[in-house]
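Colleague: model this:
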Amino acid sequence: MTVSSSDMGNGVQLIQFSGQSATQSFSRTFLPEIANAIDKGLSNPDVRAIVLTGEGKFFSAGADIHAFAKSIEDGDSPQLIRELTGVLHPLLMRMRQSPTICVAALNGACAGGGLGLALACDVRIGTPNAKMAASYAGMGLSPDGGTTWLLPRLVGDQTARRFFFENQIWSAEQANEMGAIDSLVDQESLVDSAVVLAIKWSQWGDHTKEATKHLLDVQSVQDFETHLKHEQTLIEAAGTTEAFKEGVTAFIEKRRPKFN
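Modeller: Below is the predicted model of the structure:
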């Protein structure tokens, strides 16, 4: 099995890409497997957080270059690209819009669409072996996988421009310094650390998580007055939830709230 799922307890699901799903993630064969595994987690009400990780040297190395070469030979490269982005891009939207917290546990290199998958997660934790690369320019391609939208929000516009136009490869330390990786841990504790982080971030009510993710995504494209109205609409909706009732009750009773 190239994409495996494991129940880590406390509402956390671990999805691991192994073999060719890590080295050739974005192919007609493996990308649907990856999307299907993540979608199952996103649609499961018992899963509050998903941890994504890879195997060996790779988290997700992006496209199958040999498939690209064949598509050029066959004259259907636009069709191949359309198919792959047609699976990846809606998946990234579902991850960003879901109340499920997504954690990227970066064991190794992520490149191309694999970089987009990592950046689309809510938080990234890596080992010293983690690397980040765009790799599009060297292939004669423009970026995809949401990388030109996601990366500037983490590291700033000009840093992202240098990354893409200089075809840079960031080490784990560089990515951590820039803000593209949130924290670094040793290889042996990567998954355990990611699960702890997943539990911490996913403990809140579903509306709180979904609305917070949404507001953070749209804040840079709205003027302040519009954003305030947007916040007002969502916090009014929050006032009707069981989580709000539990939060207020727990505060009065001087205990920790239980949103699960």
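Colleague: output the helix or strand bottoming out on mean pLDDT in the chain as PDB, nothing but the C-alphas.
Modeller: In the chain, the helix or strand scored least confidently by mean pLDDT, DSSP states H and E is helix 20-23, which has a mean of 78. Output of helix 20-23 as PDB, limited to C-alpha atoms (Å, rounded to 0.1, in the frame of the first residue of the first chain):
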ATOM      1  CA  GLN A  20       6.000   6.000  -5.300                       C
ATOM      2  CA  SER A  21       3.300   8.000  -3.600                       C
ATOM      3  CA  ALA A  22       6.100  10.000  -1.900                       C
ATOM      4  CA  THR A  23       8.500  10.100  -4.900                       C
END
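Colleague: now it: how far from the chain's centre is it?
Modeller: 17 Å (CA atoms, centre = their mean, to the nearest Å).
Colleague: and after it, which helix or strand comes next?
Modeller: Per DSSP states H and E, the first helix or strand lying C-terminal to helix 20-23 is helix 30-43.
Colleague: touching the helix or strand just after that following helix from outside, list them.
Modeller: Next helix or strand after helix 30-43 toward the C-terminus (DSSP H and E): strand 49-53. Contact partners of strand 49-53, identified using CB atoms under 8 Å, 6 or more residues apart in numbering, comprise 8, 11-17, 38, 41-42, 59, 100-107, 117-118, 121, 190-191, 194-195, 198-199, 201-202. (Glycine included, C-beta is placed from N, CA and C.)
Colleague: next step: those residues restricted to strands.
Modeller: When DSSP state E is applied, these are split such that 8, 12-17, 59, 101-106 fall in strands.
Colleague: turn the residues you listed into CSV, including pLDDT.
Modeller: Output for those, formatted as CSV (pLDDT from 0 to 100):
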residue, pLDDT
M8, 96
V12, 98
Q13, 98
L14, 98
I15, 98
Q16, 96
F17, 95
F59, 96
I101, 98
C102, 98
V103, 98
A104, 98
A105, 98
L106, 98
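Colleague: what is the nearest of these to F224?
Modeller: Nearest to F224 among these: I101, at 27.3 Å, using CB to CB.
Colleague: and that closest one, what are its bridge partners?
Modeller: Beta bridges link I101 to A49, judged by DSSP bridges.
Colleague: mind listing what it touches?
Modeller: 48-50, 122-123, 198, 201-202, 209.
Colleague: now with 6 Å?
Modeller: Residues in contact with I101 (CB atoms under 6 Å, 6 or more residues apart in numbering) are 49, 122, 198, 201-202.
Colleague: still on that earlier bit, narrow the contacts of strand 49-53 to those that are buried.
Modeller: 8, 11-17, 38, 41-42, 59, 100-107, 117-118, 121, 190-191, 194-195, 198-199, 201-202 (16 or more other CB atoms under 10 Å).
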